[in-house]
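Undergrad: 3D, please:
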Amino acid sequence: MPAELFTFPSPADRALPPVPPPPMVGTDPRQANFIRISANIGAQLGATNLVTINVSRGFFAANVNVGVVQSALAAPLVGMNITAVKKRWAAELHDWMLTLLETWVQRLKTIKLVVRPNGIRVEFTTQDDHGYYAYGFDVFPGIMRKPRQAPREIPPS
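TA: Numbers count the residues shown, from 1 in each chain. Predicted coordinates:
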């Protein structure tokens, strides 16, 4: 009797993981005016639940930990090459990354995700009661690397 052949999907064909929950960093005191105005509008409309932009989950608008967000966006790309990214971009990757940013970053104003020849360019702006903030970085498919360790000090001889 011949042995059965099992085929496992390549990393590029695996289903994307669910978007991880955002880091909880608390309420940003720099959102006080926005929260107050939103509450007043809700009260004037008689709304018990007023839907607004994210001001309670993830990183504060003025203090986004870009390295953590970049690593989270890169996690589903482990094992993929740029060809696989392009193939899956419109069908699922773009929306997955958009959802992560919308839940991980407070008071997003704009988001731009562009597939480039060797990776994905991520740019977004945020706002709080004190101003606007622009962020930008690249996310590369492939193997996720461990953070580099500081070089060891070599004692003098």
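Undergrad: what about the strands in the protein?
TA: Taking DSSP state E as the criterion, the chain contains strands spanning 108-116, 119-128, 131-139.
Undergrad: the first one pairs with which strands?
TA: Read that as strand 108-116. strand 119-128 (antiparallel) (DSSP bridges).
Undergrad: again, but for the last one
TA: Strands that pair with strand 131-139, judged by DSSP bridges, come out as strand 119-128 (antiparallel).
Undergrad: buried ones in the strand it pairs with?
TA: The neighbour-count check on strand 119-128 (16 or more other Cβ atoms under 10 Å) flags 119-120, 122, 124-128 as buried. Bear in mind the C-beta positions are built from the backbone N, C-alpha and C, glycine included.
Undergrad: quick check: the farthest pair among these?
TA: Spatial extent of the buried residues of strand 119-128 (Cβ to Cβ) is set by the pair 119 and 128 at 29.0 Å.
Undergrad: and residue 115, what is it in contact with?
TA: 82, 85-86, 89 (Cβ atoms under 8 Å, 6 or more residues apart in numbering).
Undergrad: what does residue 103 give?
TA: For residue 103, the contact set (Cβ under 8 Å, 6+ apart) comprises 19, 21-22, 54, 57-58.
Undergrad: any low-confidence regions in this structure?
TA: 1-3, 5-12, 28-41, 43, 47-56, 143-157 (pLDDT under 70).
Undergrad: helices of that one, residue ranges please.
TA: With DSSP state H, the ranges of helices along the chain come out as 32-45, 66-74, 82-88, 94-104.
Undergrad: please name whichever of the ones you listed is nearest to residue 132.
TA: Of all those, helix 32-45 comes closest under Cβ to Cβ, at 13.1 Å.
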